[in-house]
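**Q** Fold the following and give me the result.
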Amino acid sequence: MSSPTVVQGGLLWREDGVVLSSGWLAAQALSQQQPGPPRWLTDLQAHPENGHALEVVQRTTQGLRRAAYAGPMLNADGTGTDVVWLAVPYFDRGQFAGNYLSAVSLRNALLTLVPDWFAQDHRVRLVTEAVGSNPAAAKDATSYRVGLNLAGTDLLMQVDQVLVPPATVPRVFFLVALLFLIGMLVALYALRRDFVKRQEVQALLQAQVSLRTAMENSVTLGLRAWDRNGRILYVNEAFARMVGYSARELIGLSPPFPYWPADQTGLLTKVHEDIMRQGTGGNGVEVQFQHRNGQLLDVLIHEARLQTATGKQIGWMSSVLDVSERKRAQRMAAQQQEKLEASGRLVAVGEVASTLAHELNQPLGALSSFANGLLNRLHDGSITLPELLPVVERMARLAERAGGIIKRVNAFARQRELSRQRLDLAALLQRVLTNVSTLNEVSASVVRWNTPARPVWVDADELLLEHLLNNLVGNAQDWAPRANLAPQVWVELRQDASQAQAIISVSDNGPGVDDDALATIFNAFVSRKEGGMGMGLAICRSIAEAHHGRIEVSRDPVLGGARFEVTLPLTEALQEGARPNAR
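**A** Numbering: from 1, shown residues only. Purely as a prediction, here's the structure:
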């Protein structure tokens, strides 16, 4: 005989009075009216309608293959009960084997499932056609009815709300709890706001720190902070790279620092003490640091007070700029300037020498010609005293001109800066051409020019302009006879009031300037004359540019030879006087 099977049930199974009876009813017992569970036969025989309901539930489970209910069961006198039968079919290999039956007390089931706190204010009961109730009995309660979804039964569950006045103490406790809840919500809201603000401030602080760190790492300027005792508090990466020590090695050190040159410790200690006492001022302090590898660095230091939020000074903040390259460039510039000055002195000597040779060539050649001719006639006895006097006078004028050239060149060599004054170009040209006319008897070139109707005023150095004009007119007289034509030299002076310029042009009917020579004609030591020094036109260009003017060369459209044109700015007085005429 096997031991009884232990059934593990749920809440209703374990609760007393809910499952009244249960058992197995095989399929053969349905037709043979064999007894099932103990209460089955009792309910089957108590009332004819019970037998009909129990027969229907068995057919339902066998035909529809699902669980079904029967009831509620009736007593012998026809009164209803709260008992219903649950039939659960079992099939073996597709064949109906029987039903497992349970008699359930619905009233006890509701009492078990409805919580006590709900039952205090509500009355829960079953409503059926057999178990009726008088609806008028619950006139003072609010009733709710809902159908029970039990297949094979017609049951309703009615909930009546009993109007019981609430107790004062629970209400007070509820209000207190509500106040505590509201206070807790307010506290949580305030805490959340504070948390959000703290997050925002923290994010802003992190952004500021990141920005400051990025700025410090991006600059090439060394930054250093120290307290009032001279102890280093902070250095940035640029300063660490500048001296060759890491920030960890420098922070916390006091003077003398490892980046101070050993032979300048005393000087730097004094500078350090002065900085700690009064700062560096607006110009900063230039000292030397020594890199870890021994290289000396020239640095410029500026100091600013390091203060707390309350204004208390706790030290100094230094900005250290490496000026080694600037110092090196200054030294190189000074050396280069010395070389330039030496070269300038050599050039000046060369200019003086070449100018003397160039200017004295004509008068000395004329003097030589006159002297040789005079000696020849004196040896032949073919000259009389009246004939001798004009020749000697011409020689005296040539000697005087040579002496004037020497004086002018000497003054030009001594005067290295322009001595500007207001000059009338027309009067200056007239004087230069008068001096040149002394050579007309030797040179076949005749200078032609028309004196302007009014003065042409410029701000210029008279000595330099005279030298320029003598050079241009002399060159024109030299080149005019080389075209196998009657030599002609034209000099023209005009003014362009709209451009505020004075223009001097010197033209000749010589061979002119070749196109190949136009690019180099004003270069120094470039000459197209035999025995020439090549400095005349170079000096003329320097003089024109020193007066903010220019000199150009072209072919004269009338004479066909070279045409040199010098452009100089007019004075302000002339510009104002020329405006009415220009209109």
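
**Q** C-alpha from now on. contacts and neighbour counts both.
**A** Will do.

**Q** buried stuff in the helix or strand where A238 lies?
**A** Here A238, judged by DSSP states H and E, is contained in helix 237-243. Within helix 237-243, the residues scored as buried using 16 or more other C-alpha atoms under 10 Å are 237-240, 242-243.

**Q** Show me which of those residues is closest to Q264.
**A** V243 (15.7 Å; C-alpha to C-alpha).

**Q** Quick one: residues contacting that closest one.
**A** By C-alpha atoms under 8 Å, 6 or more residues apart in numbering, the contact list for V243 reads 259, 289-292.

**Q** Generate a ChimeraX selection restricted to the buried subset of those.
**A** Of the contacts of V243, the buried ones go into a single ChimeraX selection, burial set by 16+ other C-alpha under 10 Å:
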select :259,289,290,291
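
**Q** Show me the two of the contacts of V243 that sit farthest apart.
**A** F289 and R292 (9.7 Å).

**Q** Find residues that contact each of the two.
**A** Counting by C-alpha under 8 Å, 6+ apart, the residues touching both F289 and R292 are 243, 259.

**Q** Do a quick rundown of the strands in the stretch 101-250 of the chain.
**A** Using DSSP state E, counting those that start in this stretch, the strands found in the stretch 101-250 of the chain span residues 122-127, 142-147, 156-161, 222-227, 232-235.

**Q** Of those, which is nearest G549?
**A** Closest among the strands of the stretch 101-250 of the chain, using C-alpha to C-alpha: strand 222-227, at 49.6 Å.

**Q** quick one: the helices in the stretch 101-250 of the chain?
**A** In the stretch 101-250 of the chain, the segments counted as helices under DSSP state H, counting those that start in this stretch are 106-113, 116-121, 168-218, 237-243, 247-250.

**Q** Which of those helices sits closest to Q307?
**A** helix 168-218 (17.7 Å).

**Q** now that closest one: how far from the chain's centre is it?
**A** How far helix 168-218 lies from its chain's middle: 37 Å, per C-alpha atoms, centre = their mean, to the nearest Å.

**Q** Quick check: which helices or strands does that helix pack against?
**A** Applying 3 or more C-alpha pairs under 8 Å, 6 or more residues apart in numbering; DSSP states H and E, one finds that helix 168-218 contacts helix 237-243.

**Q** ok, back up a step: which member of the buried residues of helix 237-243 is positioned nearest R171?
**A** Using C-alpha to C-alpha, these come closest to R171 at E237, 70.4 Å.

**Q** isn't the closest one right up against R248?
**A** No: counting by C-alpha atoms under 8 Å, E237 sits too far from R248 to count as a contact (10.8 Å).

**Q** Break the protein down into its structural domains.
**A** 11-108, 220-322, 323-416, 419-583 (automatic domain parsing).

**Q** can you list these in JSON lines and add mean pLDDT and distance to A203?
**A** As requested, the domains of the chain are exported to JSON lines (pLDDT from 0 to 100; distance: least, C-alpha to C-alpha, whole Å):
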{"stretch": "domain 11-108", "mean pLDDT": "79", "distance to A203": "57"}
{"stretch": "domain 220-322", "mean pLDDT": "85", "distance to A203": "21"}
{"stretch": "domain 323-416", "mean pLDDT": "72", "distance to A203": "39"}
{"stretch": "domain 419-583", "mean pLDDT": "80", "distance to A203": "64"}
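
**Q** Save those domains as a markdown table, and put in distance to L175 too.
**A** A markdown table is the format used below for the domains of the chain (distance: least, C-alpha to C-alpha, whole Å):
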| stretch | distance to L175 |
| --- | --- |
| domain 11-108 | 36 |
| domain 220-322 | 50 |
| domain 323-416 | 79 |
| domain 419-583 | 101 |
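
**Q** For V176, which of those domains is the nearest?
**A** domain 11-108 (36.3 Å).

**Q** roughly how far out does the closest one sit from the chain middle?
**A** For domain 11-108, the distance to the chain centre is 90 Å (C-alpha atoms, centre = their mean).

**Q** Alpha carbons of stretch 543-557, in CSV - could you do that?
**A** C-alpha atoms of stretch 543-557 as CSV (Å, rounded to 0.1, in the frame of the first residue of the first chain):
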residue,chain,number,x,y,z
ILE,A,543,70.8,113.4,-54.9
ALA,A,544,67.4,113.2,-56.6
GLU,A,545,66.1,110.5,-54.3
ALA,A,546,67.5,112.3,-51.2
HIS,A,547,65.1,115.2,-52.2
HIS,A,548,62.2,112.8,-52.6
GLY,A,549,62.4,113.0,-56.3
ARG,A,550,63.5,110.8,-59.2
ILE,A,551,65.6,110.9,-62.3
GLU,A,552,64.7,109.1,-65.6
VAL,A,553,66.3,108.7,-69.0
SER,A,554,64.6,108.3,-72.4
ARG,A,555,65.1,109.3,-76.0
ASP,A,556,64.2,112.9,-76.9
PRO,A,557,61.4,112.9,-79.5
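
**Q** Name the residues of that stretch that come out as buried.
**A** Those would be 543-544, 547, 549-551, 553-556, for stretch 543-557 by 16+ other C-alpha under 10 Å.

**Q** Tell me which of those residues fall in strands.
**A** The members of the buried residues of stretch 543-557 that map onto strands under DSSP state E are 550-551, 553-555.

**Q** any idea of the pLDDT on V169?
**A** At V169, the pLDDT value in this model is 69.

**Q** okay, now N99: neighbour count?
**A** Close neighbours of N99, defined as other C-alpha atoms under 10 Å, add up to 24.

**Q** Next one: the residue lying closest to it once chain neighbours are set aside relative to G63, how far apart?
**A** Excluding the flanking residues, the one nearest N99 by C-alpha to C-alpha, 6 or more residues apart in numbering is P89, at 4.4 Å. Separation of P89 from G63 (C-alpha to C-alpha, to the nearest Å): 10 Å.

**Q** So which of these two has more stuff around it?
**A** Ranked by neighbour count (other C-alpha under 10 Å), P89 and G63 place P89 first, with 25 against 11.

**Q** Please list all residues in contact with that one.
**A** 61-62, 65-67, 96-100.

**Q** any idea of the angle the host helix or strand of it forms with helix 106-113?
**A** For P89, the host element (DSSP H and E) is strand 83-92. Here strand 83-92 runs at an angle of 90 degrees relative to helix 106-113 (axes from the mean of the first three to the mean of the last three C-alpha atoms, to 10 degrees).
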